[in-house]
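Engineer: coords below, sequence missing:
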DNA sequence: AATTTCGTCAACCGCTCTCCA
DNA sequence: TTGGAGAGCGGTTGACGAAAT
């Protein structure tokens, strides 16, 4: 938050002609008010939502809080390998179009993806002593990093196969559909074709037109539900109240989220690059310089 | 054990876009 | 056609916990 910009009217408050607007971290009570208001009335105009919900917040602030934290379909937790790969692919295509990239990662927010890129990817670019926008770094991502991620995803999938054949059938289908075309996509042999093509758009599908893509995962995970219910016993259940108010309460999206494997793979063990990967990449990168 | 540095993430700002009267 | 209001987007910042010294 921008402390410098805060008014002298009090902590976390900013003066306006109409009222003092609160800023800074949201309290549980504020979350509760906003969540319950939208559960009952839907979203509407954010300024009126803020006012009607009894929040001394700007509409902008309410919108952001809803989108990044409170909405039922938001996913929290570590970025999975599949998501990492997708982010790299989509960023190579669109650059810093975070909201566009986020459309392809159900439940992830543009803010989260942006943070991920800045903290993880840019960090590794720095470690490799190159600019994240340089050709060298992009080539490293394309020809080394992404195939490496695919290998690890496939390895993880193989492990899953051993553990559970039926679950792996679904998982394999999803991963292969998403990733295997990209394995051939990111090869030096077809680099010139790839660099100028629109092929990514044909390989990954946005939420709106790819229902097949998300089939078959049974996990029902709603962290916000956990959070809010843990803190507010009287809170209206998202499940119970969202289905019929018709203004953006999209439980279809919650179903779509289930596509992503939630097995804890996004933890330290599977961060963007583990030590082995990093040495591998560093060696390759220096070799290519 | 205390201090410093680093990494992550929530939330803000300012700008642009879109819609509507 | 135009101007205002609201929404959305990308960049940036500060708080805070974890890791390192």
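Structural biologist: Alright, I've got the coordinates. Bear in mind the structure is a predicted one, so any value in this text is a computation, not a measurement. Numbers count the residues shown, from 1 in each chain, chains lettered A, B, ... in the order given.
Engineer: Over to the nearest residue to residue A:141 once chain neighbours are set aside. Which of the three states is it?
Structural biologist: Spatial nearest neighbour of residue A:141, excluding adjacent residues (Cβ to Cβ, 6 or more residues apart in numbering): residue A:88 at 5.6 Å. Any C-beta I mention is one placed from the backbone N, CA and C, and that applies to glycine too. Classification of residue A:88 using DSSP: H, G, I helix; E, B strand; the rest coil returns helix.
Engineer: Would you agree residue A:88 is in contact with residue A:147?
Structural biologist: No - with contact defined as Cβ atoms under 8 Å, residue A:88 does not count as touching residue A:147 (10.9 Å).
Engineer: Outline the domain layout of chain A.
Structural biologist: Using automatic domain parsing, the domains assigned to chain A come out as A:1-70+A:222-257, A:81-218+A:266-288.
Engineer: avg pLDDT for stretch A:44-62?
Structural biologist: Per-residue pLDDT values over stretch A:44-62 give a mean of 89.
Engineer: Then stretch A:101-114?
Structural biologist: For stretch A:101-114, the mean confidence score works out to 88.
Engineer: Same question for stretch A:68-84.
Structural biologist: So the average pLDDT for stretch A:68-84 ends up being 85.
Engineer: and stretch A:35-48, does that touch DNA strand C?
Structural biologist: Yes - Stretch A:35-48 is in contact with DNA strand C by Cβ under 7 Å from any atom of the strand, via A:44, A:45, A:46, A:47.
Engineer: quick one: residue A:37 from DNA strand C, how far?
Structural biologist: 14 Å (Cβ to the nearest atom of the strand, to the nearest Å).
Engineer: out of the residues of stretch A:35-48 next to DNA strand C, which are inside helices?
Structural biologist: A:46, A:47 (DSSP state H).
Engineer: out of the residues of stretch A:35-48 next to DNA strand C, who has the most neighbours?
Structural biologist: residue A:46 (17 neighbours; other Cβ atoms under 10 Å).
Engineer: and that residue, what is it in contact with?
Structural biologist: A:59, A:60, A:62, A:63 (Cβ atoms under 8 Å, 6 or more residues apart in numbering).
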